[in-house]
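**Q** please find the sequence and the predicted model below.
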Amino acid sequence: MNQSELQIDSSPHFRSRAGIRDVIGTGKEGTFLSDVARNIDELGYNGTAEFIQQGINVNTVKGALDNGSSVIVNLRTKVDGGAHAVVIDYIKNGRAYIIDPLPQGIGSAYSVPVNRLGSVLTGDGVILRPMSVIANVSKEGNQLVLRGMHIDGPGAGSSNLGQLRDVARALGREYGVREVVIYGGQRTTGANPGKIPRPIVIRVNP
Amino acid sequence: MKNVKIIGWNKGFNKVQFTLLLRGQVGYSLSAAKHIVDEILSGSVVNVEIEESYFFEFIEKAKQLGVVVQADDSKGNLITTYPVK
């Protein structure tokens, strides 16, 4: 029996750039952030993506990054009064570290003072909240057993069983087992905090 | 280093984020951090050692994540984050 601790974060599967553009509806004029939020699950992302209109400020960004989320924001452009989307990678020592798709086809990474970032935010953006799972993992015959599993979903009631099954099946395939058995840890949220949920058995190839 | 006593949790306790806080900022291994969280859930009182420079920030973050802690600040005052009813 091999026992270890495991942390799983949801992350998109690999796609070509063209494939990604197709899924999120990128055209010559760019991409609507609302389409990114709507379609990112088609890229295999197991967390949730929320499009926020006129509600993104520096504090929102910082709070989201602190919680392990990823943040895409629209910046006001000087040139035409339009908007340009960038990823805020992290904020440290008063500077925001940005990943920018420009120059086209190459991209760039740079940092700006946080107050400078705040002055050019349009207020629109997408917050990607991953589903993180922590459990004691052991392989027992044809089963992968996850004990004391704790899940941090995108919000109360948002980590549904379907997402959990997807993650468990992917993990089961990786370990080459037929079933994944989940013993959930004590609940701290929802209607029954303190309750230990019943075990769930998930067939890897249904 | 300063000692922080974890004495309980509130409804909404974010187990994963607190595990990651113990792992990332405090320096425990993932295994040790999860063990601490499981001990908290089972009702045990757990002591953790925190760098002095990170002491108040840790207490604030622990409070935000739903952890009830007790600790002495450098002036001998007892800090407690009380359960939220």
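**A** Good, I have the coordinates.

**Q** what residue of chain B is the furthest out?
**A** Going by CA atoms, centre = their mean, the residue of chain B most distant from its centre is B:K75, 19.9 Å out.

**Q** ramachandran angles for it?
**A** Backbone torsions for B:K75, taken as degrees, to the nearest 10, come to phi -100, psi 10.

**Q** that one and A:I24, how far apart?
**A** Between B:K75 and A:I24 the distance is 54 Å, computed by CB to CB, to the nearest Å. C-betas here are computed from N, CA, C, even on glycine.

**Q** any idea of the mean pLDDT for stretch A:51-60?
**A** The pLDDT scores in stretch A:51-60 average 93.

**Q** gap between B:A33 and chain A?
**A** 8 Å (CB to the nearest CB, to the nearest Å).

**Q** that residue belongs to a helix?
**A** Yes. Assigned with DSSP: H, G, I helix; E, B strand; the rest coil, B:A33 falls within a helix.

**Q** quick check: closest non-adjacent residue to it.
**A** B:L22 (3.8 Å; CB to CB, 6 or more residues apart in numbering or on different chains).

**Q** quick one, grab the pLDDT at that neighbour.
**A** 92.

**Q** residues near residue 34, how many?
**A** In the absence of a named chain, chain A is used. Applying other CB atoms under 10 Å in any protein chain shown, we find 14 residues neighbouring A:S34.

**Q** chain B was what I was after
**A** 26.

**Q** how close does it get to B:N77?
**A** Distance, B:K34 to B:N77, by CB to CB: 31 Å.

**Q** where along chain B do the helices fall?
**A** B:15-21, B:30-41, B:55-64 (DSSP state H).

**Q** who are the packing partners of the second one?
**A** I take that to be helix B:30-41. strand A:2-9, strand A:132-140, strand A:143-152, strand B:2-9, helix B:15-21, strand B:46-50 (3 or more CB pairs under 8 Å, 6 or more residues apart in numbering or on different chains; DSSP states H and E).

**Q** swap in the first one?
**A** For helix B:15-21, the helices and strands in contact under the criterion 3+ CB pairs under 8 Å, 6+ apart are strand A:132-140, strand A:143-152, helix B:30-41, helix B:55-64.

**Q** which parts of the longest one are buried?
**A** Put plainly, it is helix B:30-41. Buried residues in helix B:30-41, counting neighbours by 16 or more other CB atoms under 10 Å in any protein chain shown, are found at B:30, B:32-38, B:40-41.

**Q** have a look at the residues you listed and tell me the least confident one.
**A** Lowest-confidence member of the buried residues of helix B:30-41: B:L30, scoring 89 (pLDDT).

**Q** and A:I202, what are its phi and psi?
**A** Dihedral angles for A:I202 - degrees, to the nearest 10 - are phi -120, psi 120.

**Q** number of nearby residues for it?
**A** Applying other CB under 10 Å, we find 20 other residues in the vicinity of A:I202.

**Q** which residues sit in contact with the residue of chain A found nearest chain B?
**A** Nearest residue of chain A to chain B: A:D152, at 3.2 Å (CB to the nearest CB). Going by CB atoms under 8 Å, 6 or more residues apart in numbering or on different chains, A:D152 touches A:68, A:131-133, B:14-17.
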